[in-house]
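Peer 1: pasting the sequence and the predicted model now:
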Amino acid sequence: MIGSPFTHTFPVPEHAIDANGHANNVAYVGWMQDVAVAHSDTTGATAAAIEEGGTWVVREHTIEYLRPLLPGVTVLLETWIDDADGVRSTRRYVFKDAESGREVARGRTLWVFIDSTSGRPRAIPERVVAAFNTP
């Protein structure tokens, strides 16, 4: 793991509830994106990436759903950087019911660092990785 886990807590919004009465799978992807950006912003990694002339794009998301998230539940979403090597970085996520502490889903995103001008993959600058290690 690179750096410390980042945690975000939020209520399941009504607009995320689908016809089956629980949070739609698409909502999880949005929450993963949002918490990844918040983590990067908080550590200064976003600013470092911009200053280095780069940005991140998603290569792949995977989510394992363990139990449904229902209306009114408060979610505790934890994320961390699992690894960063070459142009790729793996980020992990754990979704929990904040009240019970029960895990409801887990996810992984494979991110690729790209040059902002060319759009081509490039090595992740050490400065960007180091930003996640700051307390």
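Peer 2: Arrived safely, thanks for sending.
Peer 1: C-terminal to the host helix or strand of Thr90, what's the next element?
Peer 2: Assigning secondary structure by DSSP states H and E places Thr90 in strand 88-97. Using DSSP H and E, the helix or strand that follows strand 88-97 in sequence is strand 103-115.
Peer 1: wait, Phe6 sits on Asp34?
Peer 2: No: counting by C-beta atoms under 8 Å, Phe6 does not reach Asp34; the two are 11.4 Å apart. For every residue, glycine as well, the C-beta is placed using N, CA and C.
Peer 1: what is the neighbour count of the nearest residue to Thr90 once chain neighbours are set aside?
Peer 2: Excluding its sequence neighbours, the residue lying closest to Thr90 (C-beta to C-beta, 6 or more residues apart in numbering) is Asp82, at 4.2 Å. Counted by other C-beta atoms under 10 Å, the residues lying close to Asp82 total 14.
Peer 1: what does the model give Asp82 for pLDDT?
Peer 2: On the pLDDT scale, Asp82 is placed at 95.
Peer 1: in three-state terms, label it for me.
Peer 2: With DSSP: H, G, I helix; E, B strand; the rest coil as the basis, the three-state label of Asp82 is strand.
Peer 1: that one contacts Arg91, doesn't it?
Peer 2: Yes: contact criterion C-beta under 8 Å: Asp82 and Arg91 qualify, at 6.6 Å.
Peer 1: can you tell me the helix or strand for the residue most central in space within the chain?
Peer 2: Nearest residue to the geometric centre of the chain (C-alpha atoms, centre = their mean): Ala36, 3.2 Å. Here Ala36, judged by DSSP H and E, is contained in helix 25-43.
Peer 1: name the residues that touch the helix or strand just after that helix?
Peer 2: Following helix 25-43 in sequence order, the next helix or strand is helix 45-51 (DSSP H and E). By C-beta atoms under 8 Å, 6 or more residues apart in numbering, the residues outside helix 45-51 that reach it are 37, 39-41, 55-56, 113, 116, 125, 127-128, 130-132.
Peer 1: secondary structure class of the residue sitting furthest away from the middle of the chain, three-state.
Peer 2: Checked against the mean C-alpha position of the chain, the extreme residue using C-alpha atoms, centre = their mean is Ala19, at a distance of 25.8 Å. Secondary structure, three-state DSSP: Ala19 is coil.
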